[in-house]
Every structure is written in C-alpha cells, then in structure tokens.
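Colleague: Show me the folded form of this:
(chains A and B)
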Amino acid sequence: MIDIKALRDDPDVGRHSQRARGADETLVDRILAADAEQRSLLTAFETLRAEQKAISKSVGKASPEDRPAVLAQAKALADGVKEAEAAADAARTELDALLWQMPNIVVDGVPEGGEDDYVVLRHEGTIRDFDAEGFAPRDHLEIGEGLGGIDMARGAKVSGSRFHYLVGLGARLQLALLNAAMDRAIAHGFLPVITPTLVKPEIMAGTGFLGAHADEIYHLPVDDLYLVGTSEVALAGYHSGEIVDLEAGPLRYAGWSSCFRREAGAGGKDNRGIVRVHQFDKIEMFVYTTQEEAAAEHERLLAWEEEMLQIAGLPYRVIDTAAGDLGSSAARKFDCEAWVPSQGTYREMTSTSNCTTFQARRLGVRQRTQDGSTRPVATLNGTLATTRWIVAILENHQREDGSVEVPEGLRGYLGGLAELRA
RNA sequence: GGAGAGGUGACAGAGCGGCCGAAUGUGACGGUCUUGAAAACCGUUGUUGUGCAAGCAACCAGGGGUUCGAAUCCCCUCCUCUCCGCCA
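Modeller: Reported below is the predicted structural model:
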C-alpha cells in the first residue's frame, strides 16, 4: 500500500513511478478522485452521526412527556445515518480497491523499462574455460543423475512435471548449502526461523503477491489457505498488526522453508532439471527497519548474498532490476545471477528487494517514534540460498569424469567431503 | 470430531443497553522528596480516520443483526483453554 497522503501532496511522484514501470498512470488520478469522494462522504456521515448521538443521549434525560417527541426525532435521523454510513463505506471500499491495485513507488535511479532493461552493476568471479580444459560441460541434470542425486522421473511419476527428488549426495548437498546459509545468517545477527508454509489470504495479500501474479500462487480452497512461494510471506506476516521496537536496531530474521510456485506463466521454459520447479527450499533474509535505514540495509543484504555466492564458489553478476520487472511491493531490486556453463548464460540465484513501507502499510507493522507517535516500518528481503543453487554448483565445479569438486566453504557441511562422486 | 469455559487497553482484570474509550491494579514516563537509589506521594500514559483548528467519528477477537442508542442483547465465523474421542 502506498501512502495516500503523500500521493495527495505530490501525485507526480506516483505518475512517474507508474510510467517507469510501464503501468497505468491514470490509476493515480482515479485514486485521488476516489479519495476526495470518500472523504467528503465520510465527513457527511460523521456530521449526521454526531447529531444522532447527541439526540440519542438526550432520550434518557428527557422528561416522560417530552420523551415521545425526542424519540421520534431520533428515529427520523436513524435512516439517514444508516444511508450516509453505507455511502461512506462503499466509497471506502472503492478507494481501497484502487489503492490495493497500486504498486509501490519505485526508488529514484531504478532503470526504467521491462525485463530486459536491467543494468549490470558488476561481474564477480572467473568463468571457467571448458574449451581450454578440453571437455564440454555437462548440464546439471546429467551430472546430478550421474551422482544419483537428482531424480526427475520419479518426481514426475509421484507429483507431476516440475517435481523432483533429491537423493543421497543431492539431498546432502542441499542440506549443506542451506545449513551454511543459515550459519552465515546467524553470524550476521539474524534470528533463525522455521516458518509455516500455509498462510491466510490477508497475509498473502498483504505481502503483495495476490496482484498481477496471483496465478503463480497455490491456493487450497477448502481451507482458504495459500502455499507460500517464499518464507518472506510468513516472515512479513510475523509482526503484522504489531508495533515493533526498532530502538535497538533492525529486526533481522532468516527463514527456512519449502516454497511452492505454480509456474503458470513459465510455458515450456526451463523444463529440464531443477532450474524451475514447483517446490524447492530456500533460506530467506527478512528485515524490519526504519524508513531512513532501508536503502543502506538493502546494500547489506546484497553483500550477504554475495558472501554466500563466494562460499559456493560461483561466478556471478549483479543486476539492478528495471522498474517494470519489480514485484508490486518492491521499490528496488538487485539480483545476483550465477553463470550456468551448460546454458552459456547467467541465471538468477538471489534476489533482494527493498519494499520500503509498502508491505508494512498493508500488514499494519509500525514502530514507535521518539515523539510517541507511530509510523510504518520498512521491510526488505533477500535470498541466501535455494535449491536452484545446486544447478550452478554442479555445473561450475564439475570434472571431466562426472564427479564434482565441493567448494571449500561447503565441505564442513558435508562431513569434510571434498568431492561428489557416484 | 464431541462437551464445556473464555476472548476487553503494554500486561493483569472490572464492566446495569444510555453518565464507558472503558473502573482498578501492575508496568512505563515525568515530577516532589533524597548526597544517590529505594519507598512514598502527585501527574501523564491506546490506535485510526477526518478537519487549518477547537473538535468530531470509528475501534472492547472478526462479521452480520436488534435498538433512537450496543463492550453490554441475538446469530455466524475464528482463536485460546479444559475434558473426552480419533490419528500421526
């Protein structure tokens, strides 16, 4: 939810943001019109209501002979009050509907445009030259199957396409990766949390996932619950409706959960292997901080993501995502993309978003300020490790004979194992 | 799943259909006292919307209803606790 007061004061900021996203600019003006309508109807109702309350109060004090007259007067007002209230409620509902459609205001400096208009901030690490080494890199599935670590066929048999089993070394590699990520998070002051993976509609809506990409989300109609696509959802909901204390610094949580995505729009993309699956596991950083600190915290989250990529020994690049490719709740987003040799391209491994006050407004997360008043906090999230990393790790560290060298930073999490070999 | 009890402000805990946004206690904050602290005493202490402001309005789990008027009466839903059953 954007700040309606700020929009009233300076609608152009909203219009600019919409334009940068390639979204509908007229939404801003429709919101302002609905806002003006709502406030005028609310004032009308409140005035009538105050009058009614005054008269109602006098009923009890009226003398027996006056009472019938006062009662009649009060009765006459009741219908009008109800009508005015209904009108004000309807206007509020309409305004809310429009407000909930409005995505977050993008931060100044975010590149304009769509998916392909990202800006590459830098490259890190060295890409292996397989030609020079004298062999063609296998793709992650071939390596994984060779190790007995990934089983797509049985995943499909049991659950359908885009489901997989991680077995033996595959399972151990994922656990190693996630444990390493959690340990780093703890070292940086995050509180580890294992979250629910089913959440209520208002929580899912509050995080901004039920907008344009609602068809990505699994819904269980019998119980009206949603399967989370990331523990960000459960961690954003954790303090919903609360006034949190940020006096001692930001609240940093590291969530561990399975994540579920319908991949409805994926078409025939990434059909092979575990690059894009319906269910995977992830360690996610989630931070509640002040509006002033949000941008600096965003940089820190990015740095911690990069630390993990270095532990996994992956060459990667960092991109500043274009406005049109931001989720509805993000004001800015950095992705780290690791090199995937078999594809000859970079693929997203981490994504960190600064949601400013957008989610906090929707979920009612506020802080107490020095002067005793309250105001929305800022929320941020970022990936520390996911199942997909296995793709990059297997491919970048493969050897000609099909074995895989374990990056040094992960060996301790694999019982000291230096290589994966069938 | 069955039976019962209950959900009120940061917490504990009152609350006859109108004088209840809500007693009282604790906590927190400010002050008096004190060399300092404790104790004692005095005062302050919910959120939101709207309005230039005074103010007005809303909120007592959530949603409907009755009434001139609902924290208080009725209905539905959710959650918590106790007991029983069932199943990991």
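
Colleague: ok, residue A:203 - contacts?
Modeller: Counting by Cβ atoms under 8 Å, 6 or more residues apart in numbering, residue A:203 touches A:233, A:234, A:236, A:237, A:240, A:363. All C-beta spots, glycine's among them, are computed from the backbone N, C-alpha and C.

Colleague: Break down chain A into its helices, ranges please.
Modeller: With DSSP state H as the criterion, chain A has helices at A:4-9, A:11-21, A:26-61, A:67-101, A:130-133, A:140-146, A:152-159, A:169-187, A:201-206, A:231-238, A:294-311, A:358-363, A:389-396, A:408-411.

Colleague: Let's have these in a markdown table, adding mean pLDDT and distance to residue A:123.
Modeller: What follows is the helices of chain A, written out as a markdown table (pLDDT from 0 to 100; distance: least, Cβ to Cβ, whole Å):
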| stretch | mean pLDDT | distance to residue A:123 |
| --- | --- | --- |
| helix A:4-9 | 91 | 37 |
| helix A:11-21 | 94 | 26 |
| helix A:26-61 | 87 | 38 |
| helix A:67-101 | 84 | 38 |
| helix A:130-133 | 95 | 18 |
| helix A:140-146 | 96 | 21 |
| helix A:152-159 | 94 | 31 |
| helix A:169-187 | 97 | 22 |
| helix A:201-206 | 89 | 36 |
| helix A:231-238 | 93 | 27 |
| helix A:294-311 | 97 | 12 |
| helix A:358-363 | 92 | 31 |
| helix A:389-396 | 97 | 14 |
| helix A:408-411 | 96 | 20 |
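
Colleague: How many residues are close by whichever residue of the stretch 151-300 of chain A sits closest to RNA strand B?
Modeller: The minimum distance from the stretch 151-300 of chain A to RNA strand B, using Cβ to the nearest atom of the strand, falls at residue A:243 (7.0 Å). Neighbourhood size, residue A:243 [other Cβ atoms under 10 Å]: 14.

Colleague: Would you mind naming what in the stretch 301-422 of chain A lies close to RNA strand B?
Modeller: Contact residues (Cβ under 7 Å from any atom of the strand) of the stretch 301-422 of chain A with RNA strand B: A:366, A:372, A:373, A:374, A:375.

Colleague: Of those residues, which pair is most distant in space?
Modeller: Distance extremes for those: the farthest pair is A:366 and A:372 at 12.4 Å, using Cβ to Cβ.

Colleague: Which of these two has more residues huddled nearby?
Modeller: Each of residue A:366 and residue A:372 has its neighbours counted (other Cβ under 10 Å); residue A:366 has more, 20 against 6.

Colleague: ok, the closest residue in space to that one that isn't next to it in sequence - contacts?
Modeller: In space, and not counting its chain neighbours, residue A:366 is closest to residue A:374: 4.3 Å by Cβ to Cβ, 6 or more residues apart in numbering. By Cβ under 8 Å, 6+ apart, residue A:374 lies in contact with A:243, A:366, A:367, A:368.

Colleague: correct me, but residue A:3 touches residue A:360?
Modeller: No. Here residue A:3 does not reach residue A:360: they are 10.7 Å apart, not a contact under Cβ atoms under 8 Å.

Colleague: Those two - which one has more neighbours?
Modeller: Per other Cβ under 10 Å, whichever of residue A:3 and residue A:360 has more neighbours is residue A:360, with 25 against 17.

Colleague: Just put the contacts of residue A:203 in JSON lines and tack on distance to residue A:20 and neighbour count.
Modeller: As requested, the contacts of residue A:203 are exported to JSON lines (distance: Cβ to Cβ, whole Å; neighbours: other Cβ atoms under 10 Å):
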{"residue": "A:233", "distance to residue A:20": "26", "neighbour count": "31"}
{"residue": "A:234", "distance to residue A:20": "30", "neighbour count": "24"}
{"residue": "A:236", "distance to residue A:20": "24", "neighbour count": "30"}
{"residue": "A:237", "distance to residue A:20": "29", "neighbour count": "22"}
{"residue": "A:240", "distance to residue A:20": "29", "neighbour count": "17"}
{"residue": "A:363", "distance to residue A:20": "25", "neighbour count": "25"}
